[in-house]
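Peer 1: my questions are about this predicted structure, shown below with the sequence.
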Amino acid sequence: MRDVAVVGFAQSPQVRRSDGTTNGVEMLVPIFAEVLSGLGLTKRDIGFWCSGSSDYLAGRAFSFISAIDAIGPVPPINESHVEADAAWALYEAWIKLQTGEVDTALVYGFGKSSAGDLRRTLALQLDPYVLAPLYPDSIAVAGLQARLGIDAGKWSEQEMAEVAVRSRRDAETNPYAQLAGSKDADALLAEPYLAAPLRRHDCAPITDGAAVIVLAAEDRARELTERPAWITGIAHAIDSAHLGARDLTTSPSTAVAAQRAGGLGGVEVAELYTPFTHQELILRRELGLDDQVRVTPSGGALAGNPMCAGGLVRIGEAAAQIRTGAAGRTLAHATGGPALQQNLVCVMEGRD
């Protein structure tokens, strides 16, 4: 296996509504320029490009083709795409680097959720025969998951509120976050329900945003940055699409992905992609994260949730902890589908 590392990361501001098109070009152009100039690279130096986005979210077919306008037609590029969060595009790029065909890859994801009704759009992820025709929206499904956990005694509304407080207060140091700062837990619990037992603070906001990561292999990574974030393990797994066929208060696919990624020994920081407060409580248990691990210091999805880029942001933020010397070993998590259906875990480390 080749050593592959994150050597560059950039993201657009996470905002409630942007003025650009749904193909993401306006968000991508400046962050492409930022990450490439920061590494001293040009487009010609990138061996492989891979993106993550959703035509359903964009409201148009082949929206990822339009996004290539942000790259430009010259020189010709080696390009691929996943109809998912760009964390899975990073997984594809990592495999491409393992083949030895290229030494560098640029991964990007984008989403303009403000252009449509996100809660209804995400219902299209559900089983198309039984669930999707009923159109239970994403918050309703998450509310069912949260209620099951509360009734089973696995967590409480108080614990959920405490997750929201910590996340949005952590976001005060994140210049890209959409939301920052929070009332205390008791004040949050006095607010009305959005979809019981979920209140507004339990749910990620509607967000427009994009992110980009540059990967490099072996000596090329060492040439591009003093402290690469080396990927020591990356894997993803999936649970049943039928909500009634699995225990929604657990996430077996997360545990499997973590095991396949080589285990979590020595992890100091974990960036978890949790669009709902109770999902952090599920993941902490599945991953065995104790109080010694700092969880999502960026504020995470509760402070800004750019669809199809949120998981890639988690990888970028976890890598930044290593590249700045703040941590020696980190974990990043991404999720897709309803109620934590599909999960990816990426473990990174710094080397002296």
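Peer 2: Perfect, thanks for sending it. Numbers count the residues shown, from 1 in each chain.

Peer 1: which parts of the chain are helices?
Peer 2: Ranges of helices in the chain, per DSSP state H, are 25-39, 55-58, 63-67, 86-98, 118-121, 138-151, 157-170, 185-189, 218-224, 252-260, 277-287, 310-323.

Peer 1: point out the most buried one among these.
Peer 2: Most buried of those by mean neighbour count (mean count of other Cβ atoms under 10 Å) is helix 310-323; its value is a mean of 27. Yep, even glycine has a C-beta here, placed from its N, CA and C like the rest.

Peer 1: centre of the chain to that one, how far?
Peer 2: 9 Å (Cα atoms, centre = their mean, to the nearest Å).

Peer 1: next one: stretch 245-257
Peer 2: Taking mean C-alpha positions (Cα atoms, centre = their mean), stretch 245-257 and its chain are 18 Å apart.

Peer 1: nearest to Ser12, of the helices of the chain?
Peer 2: Judged by Cβ to Cβ, the one of these that comes nearest to Ser12 is helix 25-39, at 4.5 Å.

Peer 1: got the contact list for the closest one?
Peer 2: For helix 25-39, the external contacting residues (Cβ atoms under 8 Å, 6 or more residues apart in numbering) are 7-12, 18-20, 42-43, 45-46, 66-67, 69-71, 106, 108, 110, 208-214, 224-225.

Peer 1: what mean pLDDT does that helix get?
Peer 2: Mean pLDDT, helix 25-39: 97.

Peer 1: use 3 as the first number for this chain going forward.
Peer 2: Sounds good: first residue 3 from here, last item helix 27-41.

Peer 1: neighbours around the closest residue to Arg46 other than its chain neighbours, how many?
Peer 2: Excluding the flanking residues, the one nearest Arg46 by Cβ to Cβ, 6 or more residues apart in numbering is Pro77, at 5.6 Å. Using other Cβ atoms under 10 Å, Pro77 is surrounded by 10 other residues.

Peer 1: centroid-nearest residue for the protein?
Peer 2: Gly313 (1.1 Å; Cα atoms, centre = their mean).

Peer 1: still on that earlier bit, just the buried ones out of the contacts of helix 27-41, please.
Peer 2: Neighbour counting with 16 or more other Cβ atoms under 10 Å marks 9-14, 20, 22, 47-48, 68-69, 72-73, 108, 110, 112, 210-216, 226-227 as buried within the contacts of helix 27-41.

Peer 1: quick check: phi and psi at Val104.
Peer 2: Main-chain torsions, Val104, degrees, to the nearest 10: phi -140, psi 160.

Peer 1: got TSV for the helices of the chain, with distance to Leu181 too?
Peer 2: Converted to TSV, those look like this (distance: least, Cβ to Cβ, whole Å):
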stretch	distance to Leu181
helix 27-41	19
helix 57-60	20
helix 65-69	26
helix 88-100	22
helix 120-123	16
helix 140-153	17
helix 159-172	6
helix 187-191	13
helix 220-226	33
helix 254-262	25
helix 279-289	13
helix 312-325	14
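
Peer 1: any idea which of those gets closest to Ala305?
Peer 2: helix 159-172 (5.6 Å).

Peer 1: hmm, who's touching the closest one?
Peer 2: 148, 152, 181-187, 190-191, 199, 201, 203-204, 276, 279-280, 282-283, 298-302, 304-305.

Peer 1: Ala257 - nearest residue in space that isn't next to it in sequence?
Peer 2: For Ala257, the spatially nearest residue (Cβ to Cβ, 6+ apart) is Glu288, at 4.7 Å.

Peer 1: ok, the one you found touching Ala259?
Peer 2: No. Contact criterion Cβ atoms under 8 Å: Glu288 and Ala259 do not qualify, at 9.6 Å.

Peer 1: and the helices of the chain: which comes nearest Tyr131?
Peer 2: helix 140-153 (16.5 Å).

Peer 1: elements contacting the closest one?
Peer 2: helix 120-123, strand 195-197, strand 200-201, helix 279-289 (3 or more Cβ pairs under 8 Å, 6 or more residues apart in numbering; DSSP states H and E).

Peer 1: tell me the mean pLDDT over stretch 251-264?
Peer 2: 97.

Peer 1: ugh, typo on my part, it should be stretch 176-189
Peer 2: Mean predicted confidence for stretch 176-189 is 98.

Peer 1: the contacts of helix 27-41 in strands, which ones?
Peer 2: 9-13, 108, 110, 112, 210-216 (DSSP state E).

Peer 1: turn the helices and strands packed on helix 140-153 into TSV, including distance to Arg4.
Peer 2: Formatted as TSV, the helices and strands packed on helix 140-153 follow (distance: least, Cβ to Cβ, whole Å):
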stretch	distance to Arg4
helix 120-123	38
strand 195-197	46
strand 200-201	43
helix 279-289	26
